[in-house]
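In: need the 3D shape of this:
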Amino acid sequence: MESFPVPSLPEELLAEIFLRAPSLEDLARISMANNYCHDIISDPYFVRCVPLHRYPSFFLGFFTRDGFKPVQPPHPSASISNLLLTASDLSFSFLPFPGSWIVQDICDGRALLSRSHGSKGDQESIFMHLAVCDPLSRRYVLLPPLPDDLYTYVQDLCHNGFNYRCETFLVPRGECVVAETSFKVIWMARGHKKLLVLIFSSVVGKWHAVTSLDGQCIGKVISFSRRVHSRRSYAYGCFYWKMGEARKVLALDTRKMEFFFSNSPLGYLEYDCAVVEAGEGRLGIFALFHHMTGTRLHLYCTTKKKEAWSTDEWCLEKTIQLPPTAHDYRIMCATNGYLFMQYTQGSSYPSSKYGYILMGVKTFLFERFYETNRPSSFPTPYFGFPPSLSPPSI
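Out: Take a look at the predicted model:
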């Protein structure tokens with residue numbers, strides 16, 4: 001490490017100055033100035049004080065059923081992704097029954113995983129075994145089974161909700177947290193005209209039902225006739241799902257834990273979409289529009305801020321023509337200020353190649369980061385910080 005003169009300031013004052021660095025890149029450059037600065041910044045107490053919520057996280061790769069796929073050079077995060085591979089256990093071999101877990105979600109440095117050994121239709125299969133872990137610190141929490149009163153509702157869904165679909169995911173930390181290591185998990189199952197939603201809080205340490213559309217307990221299984229089509233999105237404290245046939249969006253407010261429906265501006269052919277934070281408190285919806293002249297990306301925005309927005313008041317704000325060198329574009333998800341998309345190059349298998357790109361939802365800039373010969377059905381993106389600046393999340 002090249003040495004620069006040691007500043008003649010107390011260590012405590014230097015730490016306060018370093019904490020006000022404009023970016024994490026600046027903080028990294030300061031740590032390389034000399035050993036004295038490096039020791040201050042790498043100290044565990046300093047790391048805990050770094051206001052990571054002020055900085056944008058780095059896209060480091062994504063999980064598939066085949067494991068973790070790091071970003072490839074020349075992507076700017078490739079070096080940090082390599083550090084992550086060295087410092088963490090992304091195969092989750094520290095969990096009980098290693099090799100049997102599937103990544104369901106990644107959020108705030110935590111991974112939500114599931115495994116099941118039951119036959120389809122029983123409670124163990126539909127509910128699964130769940131674990132939340134920190135791959136950097138190797139800490140984990142095995143979530144408890146359902147209490148008897150909630151097990152009855154799961155049993156009812158198994159017996160009467162044929163062709164059910166389960167979805168488990170983490171609730172983003174947000175602004176109001178009890179502790180940096182606290183977390184919430186949502187488990188949702190959709191059967192034939194039925195919806196069952198449960199939530200686990202690490203603070204309380206148990207599962208409970210949340211509130212339904214009509215104010216009654218969703219644990220009683222509400223009527224759910226509309227088919228959910230899109231993968232979930234998250235914006236301004238709410239999860240969103242586009243309904244299949246109707247021009248409706250189902251939303252879950254994670255602060256009140258209440259569901260509501262709102263209108264959607266999307267046309268019949270705009271079925272592949274994602275809800276985003278469009279800036280200035282407005283909601284946005286990106287939607288793919290496939291046409292004989294190529295694939296376009298439409299951005300619709302609300303005309304009011306989120307505190308008082310009406311979903312009847314949408315406007316088409318931007319149209320983006322996607323590169324014609326690829327085809328079969330798909331929106332995989334929207335997270336951390338990016339739209340995550342998959343595309344295909346080539347006209348026939350096995351000569352086709354599949355690539356993945358990120359697009360900033362505010363900058364509209366594209367970043368290609370991975371190419372493969374095998375597509376991934378449900379990739380889960382991993383955003384994080386350099387390992388040296390990542391305190392334990394469990």
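In: please make it C-alpha for all contacts and neighbour counts, starting now.
Out: Fine.
In: mind listing the strands for the stretch 51-200 of the chain?
Out: With DSSP state E, counting those that start in this stretch as the criterion, the stretch 51-200 of the chain has strands at 58-64, 67-70, 102-107, 110-115, 129-134, 139-142, 165-170, 184-191, 194-201.
In: among those strands, which is nearest residue 297?
Out: With Cα to Cα as the criterion, residue 297 lies closest to strand 58-64 of those, at 21.9 Å.
In: given the closest one, what are its sheet partners and their directions?
Out: strand 67-70 (antiparallel), strand 380-384 (antiparallel) (DSSP bridges).
In: let me see the ranges of the helices in the stretch 101-250 of the chain.
Out: Per DSSP state H, counting those that start in this stretch, the stretch 101-250 of the chain carries helices over the ranges 123-127, 148-160.
In: where among these is average confidence lowest?
Out: Lowest mean pLDDT within these: helix 123-127, a mean of 56.
In: mind giving me the domain ranges of this protein?
Out: Structural domains assigned to the chain are 1-51, 56-63+73-231+380-394, 233-377, following automatic domain parsing.
In: got those domains as a markdown table, with mean neighbour count columns?
Out: As requested, those are exported to a markdown table (neighbours: other Cα atoms under 10 Å):
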| stretch | mean neighbour count |
| --- | --- |
| domain 1-51 | 14 |
| domain 56-63+73-231+380-394 | 17 |
| domain 233-377 | 17 |
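In: now do the contacts for the closest residue to residue 200 other than its chain neighbours.
Out: Distances taken as Cα to Cα, 6 or more residues apart in numbering place residue 207 nearest to residue 200, at 4.4 Å, with adjacent residues excluded. Neighbour list for residue 207: 144, 146-147, 198-201 [criterion: Cα atoms under 8 Å, 6 or more residues apart in numbering].
In: spatially, which two of these are the most separated?
Out: 147 and 201 (14.1 Å).
In: how much space separates residue 195 from residue 208?
Out: From residue 195 across to residue 208, the span is 15 Å (Cα to Cα, to the nearest Å).
In: equivalent analysis for residue 290, please.
Out: 42 Å.
In: one more: residue 378?
Out: For residue 378 relative to residue 208 (Cα to Cα), the value is 28 Å.
In: again with residue 153
Out: Counting by Cα to Cα - residue 153 and residue 208 are separated by 12 Å.
In: can you redo the strands paired with strand 58-64 as a markdown table with mean pLDDT and distance to residue 83?
Out: Shown next, in a markdown table, are the strands paired with strand 58-64 (pLDDT from 0 to 100; distance: least, Cα to Cα, whole Å):
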| stretch | mean pLDDT | distance to residue 83 |
| --- | --- | --- |
| strand 67-70 | 92 | 11 |
| strand 380-384 | 93 | 11 |
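In: so can I have a markdown table of those showing distance to residue 19?
Out: Conversion of the strands paired with strand 58-64 to a markdown table gives the following (distance: least, Cα to Cα, whole Å):
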| stretch | distance to residue 19 |
| --- | --- |
| strand 67-70 | 29 |
| strand 380-384 | 18 |
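In: quick one: closest of these to residue 103.
Out: strand 380-384 (7.8 Å).
In: not counting sequence-adjacent ones, nearest residue to residue 356?
Out: Using Cα to Cα, 6+ apart, the nearest residue to residue 356 is residue 342, at 4.6 Å.
In: tell me the pLDDT of the one you found.
Out: Model confidence at residue 342 (pLDDT) stands at 92.
In: isn't it up against residue 358?
Out: No - applying Cα atoms under 8 Å as the test, residue 342 and residue 358 come out as separate, 9.0 Å apart.
In: run through who's touching stretch 323-335.
Out: 231-234, 272-276, 288, 294-295, 339-346, 378-379.
In: quick one on the thing from earlier: can you redo the strands of the stretch 51-200 of the chain as TSV with distance to residue 255?
Out: Shown next, in TSV, are the strands of the stretch 51-200 of the chain (distance: least, Cα to Cα, whole Å):
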stretch	distance to residue 255
strand 58-64	26
strand 67-70	31
strand 102-107	17
strand 110-115	20
strand 129-134	21
strand 139-142	23
strand 165-170	14
strand 184-191	12
strand 194-201	12
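In: nearest to residue 87, of these?
Out: The nearest among these, by Cα to Cα, is strand 129-134 at 11.7 Å.
In: average pLDDT for the closest one?
Out: Mean per-residue pLDDT for strand 129-134: 96.
In: that strand - contacts with which helices or strands?
Out: Strand 129-134 sits against strand 110-115, strand 139-142, with contacts defined as 3 or more Cα pairs under 8 Å, 6 or more residues apart in numbering; DSSP states H and E.
In: parallel or antiparallel, list what pairs with the shortest one.
Out: Based on DSSP bridges, the pairing partners of strand 139-142 within the sheet are strand 129-134 (antiparallel).
In: what does the first one give?
Out: Strands adjacent to strand 110-115 in the sheet, as given by DSSP bridges, are strand 102-107 (antiparallel), strand 129-134 (antiparallel).
In: I appreciate the help and will end here.
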